[in-house]
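In: Structure for the following, please:
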Amino acid sequence: MLKVSGKSIITLNINGEDREVAAKPSDILLYTLRNELGLTGAKPGCENGDCGACTVLADGWPVKSCLMLTVEAIGKKIVTVEGLENAPIQKAFVDNWGFQCGYCTSGFLMVCHALANIHPDANDHVIEQWLQSNICRCTGYEEIKDAIKSIMAK
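Out: Okay, here's the model as predicted:
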């Protein structure tokens, strides 16, 4: 078992690259990504796991980085929106107007990217269940559904 006290140098795999960061046991992944690594795609929103603006992938599964301690990411492959690098879902969001103000977009991109990889033949019910993990305050859900469906159809 890893024991971390005070500030320790730990190695995280972020977007396919091992990165060293100084972290305290109480640091959350959201702020380590933003403040220590300069990866600002995950957004602070509610900071209690409700809105999904901070969603990243941990070993391919969407997680709220505001609820994950940085030390919990040790040994996991973390992917942020910066790590998608022209994934089909990004173009689908543009083509289907899957964003409005854009604040929630990175979190939705991560959820939709994971959904397409984990359930490539998801039906409407599964898509709606997955999209419930994120909040769009501009009510762009229909366009987001259209975006995910457009890449699943291929």
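In: C-alpha only now, for contacts and for neighbours.
Out: OK.
In: so A114 sits right up against G60, yeah?
Out: Yes: if you go by Cα atoms under 8 Å, A114 and G60 touch, sitting 6.3 Å apart.
In: and the chain, what are its domains?
Out: Using automatic domain parsing, the domain ranges for the chain come out as 8-82, 88-152.
In: Mind putting these into CSV with mean neighbour count and mean pLDDT?
Out: What follows is these, written out as CSV (neighbours: other Cα atoms under 10 Å; pLDDT from 0 to 100):
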stretch, mean neighbour count, mean pLDDT
domain 8-82, 19, 97
domain 88-152, 18, 94
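In: And the helices in the chain, which stretches?
Out: Assigned helices in the chain, in chain order: 29-31, 88-95, 105-118, 124-131, 141-152 (criterion: DSSP state H).
In: Take those and lay them out in TSV including distance to S65.
Out: Output for the helices of the chain, formatted as TSV (distance: least, Cα to Cα, whole Å):
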stretch	distance to S65
helix 29-31	5
helix 88-95	20
helix 105-118	10
helix 124-131	17
helix 141-152	21
